[in-house]
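1. Next comes the sequence, and after it the predicted model I'd like to discuss.
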Amino acid sequence: IRAEVESFDSFQGTQLIHSVDGGCGAGFSSLLLHKLSDEYPKTMRVSHVCGSDLSGRRTASYGAHNLMLTAYNRVLAVDQLVRHCDLNTMLNNGLLLRYTAQAQAQATTTTTTTPTTYAEMNCMASLVLSGITSPLRFVHEPQICDNLHKMNAFFSVFPRLHFLNVSHAPFILHQQKDAPKCDDHDILHMNGGWCGNDVSNVKLEDGKLFCTATFYRTCYEKAMHGVHAFMEAQNRKMSDDFVAWIPHNVATGFVFDGAFHAYKAHATLMSTTLMNCTAQKASFQRLSAAFARAYKRRAFVFHYVSNGMEYDEFEEADQNIRDLITEYQDK
């Protein structure tokens, strides 16, 4: 990383894609964020986080010990995200799996179902992430989120409340040639209400929106027609869902993406929405409850203590999550 940074004329920041459940880079990514914060304190650090749902449900292949270790790993990782990240987007593995299965069902003409593969789920995750980063990579005209500093200034209403929910439409598997083509009007309605194709497992009706930004990717000029009018109508319709004390807290941008031709057989428009919402507290409440159930009995903690960690580190991380929940509730 240091060698790459030294080759840049203007280093803006870093983006990190990782898991917080453990076993897939949660510990290493936390260490990397800490090192980046120390070495490049004035640059942006944006994290795109994938994780499972800590609802307590488990399958035969995902036992109680894995569920408890996931709670520990996630609390320790989120503690580092609060301290060392400027923006975080949250993706839920369970919802990505659901949307992948739905895309498979739409693309097949047979009644038999095939198991969802990791390659197909990765395709869905990359589809969402490419939509999030599209205004950074393809600048058609000056926008409110066309660089990391502008994005941080728009979304980070408070320094610690920087966890963003994500919505995307449509979900397609571009390698399946027989998938039906999505109509632009349907795409607008799927993602225009900021609560349709959610991939963060957060119910927006449980809180208030600080701000939202929707990015439309296309390679056709005519796809822009009607979008502004639709978004203005949606803004008026959903004005009560936003906090009243932030003016101009809804942004819309168009990205003319040359790589979009890979999807033109399925859609002429793609939409990705980022939202900063107080309803995010619900995911942290589930996390804190799962952690408390396990840590109350110190279950499986010896795995961490025997490798040099202290009990105080667990308690400090848990307190940081509880403080974060309180901050969301106060707003």
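-> Yep, that arrived. Residues are numbered from 1 along each chain as shown.
2. In three-state terms, label Q104 for me.
-> Three-state call for Q104 (DSSP: H, G, I helix; E, B strand; the rest coil): helix.
3. which residues of the chain fall in strands?
-> With DSSP state E as the criterion, the chain has strands at 13-19, 44-51, 87-92, 163-169, 209-218, 250-256, 270-277.
4. Return the angle between stretch directions for the last one and strand 250-256.
-> Counting by axes from the mean of the first three to the mean of the last three CA atoms, to 10 degrees, strand 270-277 points 150 degrees away from the direction of strand 250-256.
5. For strand 270-277, what is the distance to the chain centroid?
-> For strand 270-277, the separation from the chain centroid amounts to 9 Å (computed by CA atoms, centre = their mean, to the nearest Å).
6. Reformat the strands of the chain as CSV; add distance to L136 and mean neighbour count.
-> Bear in mind the C-beta positions are built from the backbone N, C-alpha and C, glycine included. Formatted as CSV, the strands of the chain follow (distance: least, CB to CB, whole Å; neighbours: other CB atoms under 10 Å):
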stretch, distance to L136, mean neighbour count
strand 13-19, 8, 18
strand 44-51, 9, 23
strand 87-92, 12, 22
strand 163-169, 14, 25
strand 209-218, 10, 23
strand 250-256, 9, 20
strand 270-277, 12, 26
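7. Export these as a markdown table, with columns for mean pLDDT.
-> Below are the strands of the chain laid out as a markdown table (pLDDT from 0 to 100):
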| stretch | mean pLDDT |
| --- | --- |
| strand 13-19 | 91 |
| strand 44-51 | 91 |
| strand 87-92 | 92 |
| strand 163-169 | 91 |
| strand 209-218 | 88 |
| strand 250-256 | 84 |
| strand 270-277 | 90 |
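8. now for those strands, which one comes closest to F302?
-> Among these, strand 13-19 comes nearest to F302, with 23.1 Å by CB to CB.
9. Relative to A294, which of the strands of the chain is closest?
-> So among the strands of the chain, strand 44-51 is nearest, using CB to CB, at 16.5 Å.
10. which residues sit against the closest one?
-> The contact list for strand 44-51, computed with CB atoms under 8 Å, 6 or more residues apart in numbering, reads 12-21, 29, 33, 36-37, 74, 81, 84-93, 96, 125, 129, 132, 148-149, 151-152.
11. So, low pLDDT: which residues of the stretch 1-150 of the chain?
-> For the stretch 1-150 of the chain, residues meeting the criterion pLDDT under 70 lie at 24, 53-67, 107-114, 139-142.
12. same thing but at 50, please
-> The model of the stretch 1-150 of the chain has pLDDT under 50 over residues 55-65, 111.
13. among the strands of the chain, which is nearest Q143?
-> Once the strands of the chain are compared by CB to CB, strand 250-256 is nearest, at 4.2 Å.
14. Return the distance of that closest one from the chain's centre.
-> Put simply, strand 250-256 sits 18 Å off its chain's centre (CA atoms, centre = their mean).
15. Show me what that strand is packed against.
-> Under the contact criterion of 3 or more CB pairs under 8 Å, 6 or more residues apart in numbering; DSSP states H and E, strand 250-256 touches helix 118-137, strand 209-218, helix 227-237.
16. can you rerun that using 6 Å?
-> Where contact means 3 or more CB pairs under 6 Å, 6 or more residues apart in numbering; DSSP states H and E, strand 250-256 is packed against helix 118-137, strand 209-218.
17. Now render the ones you listed as TSV, adding distance to T326.
-> Formatted as TSV, those follow (distance: least, CB to CB, whole Å):
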stretch	distance to T326
helix 118-137	28
strand 209-218	17
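18. out of these, which comes closest to E316?
-> Checking those against E316 by CB to CB gives strand 209-218 as the closest, at 27.1 Å.
19. Any idea how many residues pack against F242?
-> Under the neighbour criterion other CB atoms under 10 Å, F242 is assigned a count of 18.
20. which regions of the stretch 151-300 of the chain sit below the pLDDT cut-off?
-> Using pLDDT under 50, nothing in the stretch 151-300 of the chain is flagged.
21. can we see that at 70?
-> Scanning the stretch 151-300 of the chain for pLDDT under 70 picks out the ranges 174-196, 220-225, 258-266.
22. does V202 really touch N165, like I thought?
-> Yes: between V202 and N165 a contact is recorded at 5.0 Å, counting by CB atoms under 6 Å.
23. And stretch 115-133, what's buried?
-> 116, 120-121, 123-125, 127-133 (16 or more other CB atoms under 10 Å).
24. Can you tell me which of those is nearest F254?
-> So of the buried residues of stretch 115-133, ranked by how close each gets to F254 (CB to CB), first place is G131, at 12.5 Å.
25. distance of the closest residue to that closest one other than its chain neighbours from V199?
-> Closest residue in space to G131, ignoring its immediate chain neighbours: T272 at 3.0 Å, by CB to CB, 6 or more residues apart in numbering. Noted for T272: a distance of 10 Å to V199, by CB to CB, to the nearest Å.
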